Structure formats: structure tokens, C-alpha cells
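In: after the sequence you'll find the predicted model.
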Amino acid sequence: MTCEISRGYDVSLVRGVLSPRNRALADSLGHRRALVVTDPTVEAIHGADLRTYLGGLPNDVDVHVTQLAEGDKSIGSVLAVCEAAQRHGIGRRDLLVAFGGGVCCDVVSLAASLIRRGVPYVCLPTTLVAQIDAGIGLKGGVNFGGSKNYLGCFTPPQAVLVDPTFLLTVPEAELRGGISEIVKMALVRDRRLFDQLLDVGPELLASGFSRPATTGEAVIARAVQLMLDELSRNCYEEGRLDRLVDFGHTFSGRLEELSAYTLRHGEAVAVDMALSSAIAVELGLLGEADLHRILSALLALGLPVRSPLATPATLMEAMRAVCLHRDGALNLVVPTTVGEATFVRRLEDVPLHALTAAVSRVAAAAANTPAVSRLDDKPLPAPRDVIDLRDRLPAARNSSSSR
Ligand SMILES: NC(=O)c1ccc[n+]([C@@H]2O[C@H](COP(=O)([O-])OP(=O)(O)OC[C@H]3O[C@@H](n4cnc5c(N)ncnc54)[C@H](O)[C@@H]3O)[C@@H](O)[C@H]2O)c1
């Protein structure tokens with residue numbers, strides 16, 4: 001006998017989702033009572049549009065505004081959402097709506113999984129990370145006892161409405177974190193997307209993904225599709241624990257923890273991708289020219305490739321820790337060329353001396369670039385000896401987050 005438990009959900013690209021004539025959110029809400037969860041930043045920028053939109057609906061909708069920075073990604077925030085839902089009378093068939101970045105989506109997903117053993121939720125992701133990653137998957141979670149995402153759930157949303165126009169107000173430094181996750185998908189699955197990022201990445205970052213016209217949406221759509229393809233293969237991570245989407249996610253969590261979350265997620269992922277690629281070179285799985293292409297691309301997009309926190313000892317510690325939740329296997333994702341990747345299965349396949357050599361290799365390649373543990377909004381200077389693809393890029397911009 002079998003109990004079939006899987007179910008699908010739709011991720012839609014919807015321009016102007018809060019425009020009063022747009023029916024996408026109204027259709028997702030139906031006639032149900034709902035609680036929208038958001039943070040003060042999103043509320044300040046988009047709250048008026050949200051309330052105007054909701055005001056035109058017959059639904060009984062409350063808005064819960066709460067701090068949702070990485071430091072607030074705690075069980076306390078989840079319980080506060082549960083309390084707000086209880087106050088608002090949210091029942092089994094009612095709905096939560098996550099309206100914010102990845103932290104908001106993670107917190108709402110976990111709250112939705114807990115309330116009455118599971119209420120539906122809809123994601124309206126407002127950052128790039130949330131639109132191409134955190135808000136479109138099944139996983140919710142919060143940090144606990146110093147460990148990232150230690151408490152969590154696999155709870156699919158009812159629907160995800162991705163509106164690229166929200167990115168117009170996202171600071172460039174935050175967008176870079178998202179583009180890091182797109183580079184991740186490109187490096188393991190899609191060489192064409194990688195080349196496209198090299199061509200238009202800086203312009204997308206400087207324009208809130210609005211220029212070149214339609215390209216931002218096309219890049220987001222491709223990144224979403226790649227992510228959903230990978231998730232669909234192994235949604236609940238039950239069978240195989242080797243997942244290409246884990247590229248850049250072996251060392252990054254530990255680096256974020258050690259930085260007390262001052263290192264942004266996407267920045268930590270970029271450092272991890274650089275190190276994982278250098279490890280691949282050490283193990284004879286990736287050519288040096290490809291490593292330089294990868295490092296050059298990350299640097300050209302203003303992402304860090306190294307961090308003072310990434311010592312060989314820290315990296316070994318991080319690998320041991322990931323083995324605990326990869327069923328004893330390391331499953332380190334490493335590129336074999338741009339657009340293809342493989343897994344290094346066992347911890348013993350990456351000895352300490354390979355980590356040491358990889359750290360040195362990245363440091364040498366990025367020698368002319370100051371080591372960073374977090375980015376500000378200034379593009380990193382281009383080290384002449386590694387930016388071999390830089391001539392393909394538009395001139396570096398003096399970026400600003402004042403869009
Ligand atoms: N569940 C998953 O599968 C998954 C995947 C990737 C990342 N994550 C998690 O996502 C989190 C990172 O998400 P994030 O990068 O979106 O960070 P975030 O949620 O902290 O948001 C970053 C900042 O952007 C602001 N913001 C949000 N939307 C905005 C807008 N439209 N305009 C201006 N400012 C806006 C927020 O207020 C916040 O200050 C991490 O906790 C990470 O662990 C989860």
C-alpha cells in the first residue's frame with residue numbers, strides 16, 4: 001500500500017503584482033482570511049501599494065510587520081507569526097503570505113508548517129535571493145543555537161508570485177547576493193547563462209534588473225527554471241543527498257556563522273564557489289583556465305572570492321559538519337567545466353593539504369584584490385592577472401544603492 005504525499009505548486013512571473021488590476025494575488029487568496037507577513041523595510045517601500053491592493057479585495061487580511069533580518073531568523077520570530085495568525089483567527093483553510101526577502105519566506109514557511117499542523121502559504125518574494133531560491137523552494141527554517149537553519153521544515157508553498165519590479169528598490173549589494181546564486185546555477189547547469197551574466201550582469205545589478213530591457217526577466221526565469229528542475233528531482237532530499245544546488249553551500253553556512261551573519265549569504269556562497277572550484281583543480285577535476293574564468297566572473301560581478309574566515313581548519317570543520325546532514329557523505333559539488341559539475345563523495349577525498357593549497361590558489365589568483373569578509377557597494381578592483389574575461393564586460397560602474 002502507498003500513501004501518495006507529493007504535490008506540486010506553481011511559480012509564476014507576474015509583473016506589477018500589486019497593481020490593483022492584477023488578479024494573480026487575489027486569485028491566490030480566493031475568499032480566505034489571510035495574514036501577510038513583512039518587514040519594516042518592505043512595508044516602508046511597498047506597504048502602501050499592498051494596502052491599496054488588499055483594500056480592493058473582499059478578504060479579511062491583516063498585515064504583520066516585524067523585523068526580519070538574518071539576526072531575527074529565530075524561533076521567536078516564527079512564534080510571533082503564529083501568535084499574529086492566532087489573533088487574526090487563521091484557520092486550517094486560511095492563508096499566510098510571505099512578503100519579503102529570504103528570511104521572511106523561511107520564517108513564514110516554518111510558521112505555516114506549524115500552525116494547526118499546516119496552513120497554506122503564498123510567497124511574494126521581494127529580493128533576488130528570494131525570487132530565484134529561498135522563496136521558490138519547499139524549505140523553511142530558522143537559526144538555532146548558533147547553527148544556521150538548524151530548525152526547519154519542507155513545506156511547499158501554495159503558490160509563488162515572482163514580480164521582478166520589486167528588484168528596482170533592492171540595494172545593489174543585496175542584488176549581488178542573488179546574482180551569486182544565479183552564478184551557482186549557471187556554473188553547474190548552464191554555460192549560456194554564465195556567458196549571459198558576464199555580458200549583462202553589471203548592467204542588471206546597476207539597474208535593479210530592469211536593463212537591458214527584458215533580459216532581467218529572462219535571467220530570472222531561467223534561474224527559477226533551473227532551480228525548480230533540480231528541486232523536482234529530489235524535493236524532500238530523502239533519497240539521494242547529492243544535489244547540484246548545494247554548490248557553494250558546503251562552507252558558506254559556517255562562514256556566515258563565524259562572521260556573526262555580517263557576511264551576506266550570497267557573498268559566503270561566492271567564497272564557497274571559489275574555494276570549491278580551487279579544490280576541484282587540486283583534485284584534477286577542473287582545469288586552471290576554467291578556475292580563472294570562474295574567479296574572474298565572480299570578481300567582475302563584485303562578489304568576494306575569499307574571506308579571512310576561510311582557513312583550512314575552518315573549511316575542514318565545515319566539511320565535517322555537512323557530512324552530518326548528508327548522511328555521512330561529503331557530496332561536495334565541484335565544477336568540471338563551466339556549466340557542468342560532479343560530486344566529491346567522501347571527506348577523506350579532500351585532505352587538509354588540498355584545502356590549504358586551494359586557499360592559497362584562490363588567494364594568489366585574487367592577489368591584487370583586498371580580502372573581504374563582506375562587501376560594500378563599491379565594485380572590487382579587477383586584478384589584472386585573473387580578469388581574463390573582463391574585456392567582455394561593460395565598463396565598471398560606480399554603483400550606488402540609492403535607486
Ligand atoms: N529556504 C531556502 O531554500 C533558502 C535558499 C536560499 C537562501 N535562504 C535564506 O534566505 C536568506 C537570505 O535572503 P535575502 O538575501 O533575501 O535576505 P533578507 O531576507 O535578509 O533581505 C535582505 C534585505 O533586503 C530588504 N528588502 C527585501 N525586499 C526589498 C525590496 N524589494 N526593496 C528593498 N529592500 C528590500 C530586507 O528588508 C532586508 O533588509 C538567508 O537566511 C538564507 O539562509 C533560504
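Out: Noted; the coordinates are in hand.

In: would you map the helices across the stretch 301-403 of the chain?
Out: All helices of the stretch 301-403 of the chain, identified by DSSP state H, counting those that start in this stretch, fall at 312-324, 352-365.

In: same check, this time on the stretch 151-300 of the chain
Out: Secondary structure of the stretch 151-300 of the chain by DSSP H, counting those that start in this stretch: the helices cover 172-189, 191-206, 215-233, 252-258, 265-282, 288-300.

In: what's the answer for the stretch 1-150 of the chain, then?
Out: Going by DSSP H, counting those that start in this stretch, the stretch 1-150 of the chain shows helices at 24-29, 40-55, 75-87, 102-114, 128-129.

In: buried residues, the longest strand seen in the chain. List them.
Out: Longest among the strand segments of the chain by residue count, using DSSP state E, is strand 147-154. Neighbour-count burial for strand 147-154, counted by 16 or more other C-beta atoms under 10 Å, picks out 148-149, 151-153. In this view, the C-beta of every residue, glycine as well, is placed from N, C-alpha and C.

In: how about residues contacting it?
Out: With C-beta atoms under 8 Å, 6 or more residues apart in numbering as the test, strand 147-154 has contacts from 75, 106, 109-110, 113-114, 138-144, 235-237, 253, 256-257.

In: near the ligand, list only the ones from the residues you listed.
Out: On the criterion C-beta under 6 Å from any ligand atom, 106, 139 are the entries of these that sit beside the ligand.

In: which among the contacts of strand 147-154 end up buried?
Out: 75, 106, 109-110, 113-114, 138-143, 235, 237, 253, 256-257.

In: where does pLDDT dip in this structure?
Out: Within the chain, the segments meeting pLDDT under 70 span 239-241, 368-403.

In: what residues does it put near the ligand?
Out: Contact residues, the chain versus the ligand (C-beta under 6 Å from any ligand atom): 39, 41-42, 45, 69-70, 73, 100-104, 106, 126-127, 129-130, 133-134, 137, 139, 166, 169-170, 174, 177, 265.

In: contacting residues around residue 99?
Out: 36-38, 42, 46, 50, 124, 126.

In: spatially, which two of these are the most separated?
Out: 37 and 46 (13.4 Å; C-beta to C-beta).

In: more neighbours: these two, which one.
Out: residue 37 (28 against 22; other C-beta atoms under 10 Å).

In: separation between that one and the ligand?
Out: 12 Å (C-beta to the nearest ligand atom, to the nearest Å).

In: I'd say residue 54 and residue 36 touch.
Out: Yes. Counting by C-beta atoms under 8 Å, residue 54 sits close enough to residue 36 to count as a contact (7.5 Å).

In: just to revisit the earlier point, want to try TSV for the helices of the stretch 301-403 of the chain, with mean neighbour count and distance to residue 336 as columns?
Out: Output for these, formatted as TSV (neighbours: other C-beta atoms under 10 Å; distance: least, C-beta to C-beta, whole Å):
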stretch	mean neighbour count	distance to residue 336
helix 312-324	17	19
helix 352-365	18	16
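
In: what's the closest of those to residue 219?
Out: Closest among the helices of the stretch 301-403 of the chain, once you apply C-beta to C-beta, is helix 352-365, at 26.1 Å.

In: now do the closest one against helix 312-324, angle only.
Out: 120 degrees (axes from the mean of the first three to the mean of the last three C-alpha atoms, to 10 degrees).

In: can you list the residues that contact helix 352-365?
Out: Helix 352-365 is contacted from outside by 274-275, 278-279, 281-283, 291-292, 295, 305-306, 310-312, 315-316, 371, 383, 385-386, using C-beta under 8 Å, 6+ apart.

In: filter the residues you listed to the buried ones?
Out: Here, 16+ other C-beta under 10 Å leaves 274-275, 278-279, 281-283, 291-292, 295, 305-306, 310, 312, 315-316, 383, 386 buried among the contacts of helix 352-365.

In: please identify the most buried of the helices of the stretch 1-150 of the chain.
Out: Highest mean neighbour count among the helices of the stretch 1-150 of the chain (mean count of other C-beta atoms under 10 Å): helix 128-129, with a mean of 30.

In: so which elements touch it?
Out: helix 172-189 (3 or more C-beta pairs under 8 Å, 6 or more residues apart in numbering; DSSP states H and E).

In: tell me which residues of the helix it packs on come out buried.
Out: 172-189.

In: centre of the chain versus it, how much separation?
Out: 8 Å (C-alpha atoms, centre = their mean, to the nearest Å).

In: same check, this time on stretch 345-363
Out: Using C-alpha atoms, centre = their mean, the offset of stretch 345-363 from its chain centre is 25 Å.
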